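Visitor: Here is the input, now give the coordinates:
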Amino acid sequence: MALEDKPLTEKESIELITEMISKAKGNFHESGTSAILWGTVIGICGLVSFAQMQWNFNIGFDMWWITFAAVIPQIWIIIQERKRKIVKTHPQHATDVVWLVYAVSVICLIIYSWIVPGVSAKLFNQDGLELLSRNIITGEMQPQKFIIPSFSSIYLIVYAFPTLATGLINRFHVMIYGAIICYGFFVLSLFTPFKYDMLLNGLAGIGNWLIPGLLLRQRYLKGVSC
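Guide: Take a look at the predicted model:
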């Protein structure tokens, strides 16, 4: 005959509650891994893209393809963190969702920027139209590739989203400041050519994610609650 569960005494109840609160506090932080991952990826993509246009060289492939590969470790990070955590707080769950939604959103934007120009040109051709540019000095007309104006500025808005959300949810001021800087880059990008937009994207990856992520990782390893 199985023994019936004994009711907890008042002391045991208090100890159990204290233990659960302690575990929750120990888990109430982000490791900074996601920020480091995306800061590295976007930083490299932006700076290499700028360098190619500035110094006229080509590495043979579009650097922004590596953002697709970054989604895989992002999912792995979330799975591993869930396995390690005994108590999952609402802020942690919210932060996980924020970074996962960000990863999906940025991939969709990149796909959009790749597909829309080509599809738009085909739709123009089907209607018997062609996009042309005219040299205002010589008057010469040349075919013009369909370009989405300042689309890289939209990336900067999306970059700031997970950083600001993580900073506000976990009350981590460095990430809030990083997001504000990223919004500042967005405003600046409205007045700069595409080449410098790529530079701003790279700097945003470093200042908006990589540096705050490293600081957050340091606090995480020290066991400091954010």
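
Visitor: quick one: the strands in the chain?
Guide: 132-134, 141-143 (DSSP state E).

Visitor: Between those, which one is closest to Gly167.
Guide: Checking the strands of the chain against Gly167 by C-beta to C-beta gives strand 132-134 as the closest, at 43.2 Å. Yep, even glycine has a C-beta here, placed from its N, CA and C like the rest.

Visitor: Who are the packing partners of the closest one?
Guide: Using 3 or more C-beta pairs under 8 Å, 6 or more residues apart in numbering; DSSP states H and E as the contact criterion, the neighbours of strand 132-134 among helices and strands are strand 141-143.

Visitor: which strands and helices sit next to the strand it packs on?
Guide: Counting by 3+ C-beta pairs under 8 Å, 6+ apart, the elements that strand 141-143 packs against turn out to be strand 132-134.

Visitor: Looking at the strands of the chain, spot the one closest to Ile154.
Guide: Taking C-beta to C-beta as the measure, the strands of the chain were each checked against Ile154, and strand 132-134 came out nearest at 23.4 Å.

Visitor: pLDDT averaged over that closest one - what is it?
Guide: For strand 132-134, the mean per-residue pLDDT is 79.

Visitor: in its sheet, what does it sit against?
Guide: Each strand that strand 132-134 pairs with, and the sense of that pairing, follows from DSSP bridges: strand 141-143 (antiparallel).

Visitor: quick one on the thing from earlier: what would the strands of the chain look like in JSON lines with mean neighbour count and distance to Ile206?
Guide: As requested, the strands of the chain are arranged in JSON lines below (neighbours: other C-beta atoms under 10 Å; distance: least, C-beta to C-beta, whole Å):
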{"stretch": "strand 132-134", "mean neighbour count": "10", "distance to Ile206": "35"}
{"stretch": "strand 141-143", "mean neighbour count": "9", "distance to Ile206": "37"}
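
Visitor: Pipe the ones you listed into a markdown table and attach distance to Leu100 per row.
Guide: Written out in a markdown table, the entries for the strands of the chain read as follows (distance: least, C-beta to C-beta, whole Å):
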| stretch | distance to Leu100 |
| --- | --- |
| strand 132-134 | 41 |
| strand 141-143 | 41 |
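
Visitor: Tell me which of the ones you listed approaches Leu221 most closely.
Guide: Taking C-beta to C-beta as the criterion, Leu221 comes closest to strand 132-134 out of the strands of the chain, the separation being 54.3 Å.

Visitor: Where in this structure is the helix or strand with the lowest mean pLDDT?
Guide: Taking mean pLDDT, DSSP states H and E as the measure, the chain has helix 10-27 as its least confident helix or strand, at a mean of 50.

Visitor: the longest helix in the protein is where?
Guide: Under DSSP state H, the helix in the chain containing the largest number of residues is helix 90-126.

Visitor: Give me the buried positions along that helix.
Guide: 91-92, 95-96, 98-100, 102-103, 106, 109-110, 113, 117, 121 (16 or more other C-beta atoms under 10 Å).

Visitor: okay, which residue is most central for the protein?
Guide: Using C-alpha atoms, centre = their mean, the residue of the chain that lies closest to the mean C-alpha position is Tyr159, 4.9 Å off.
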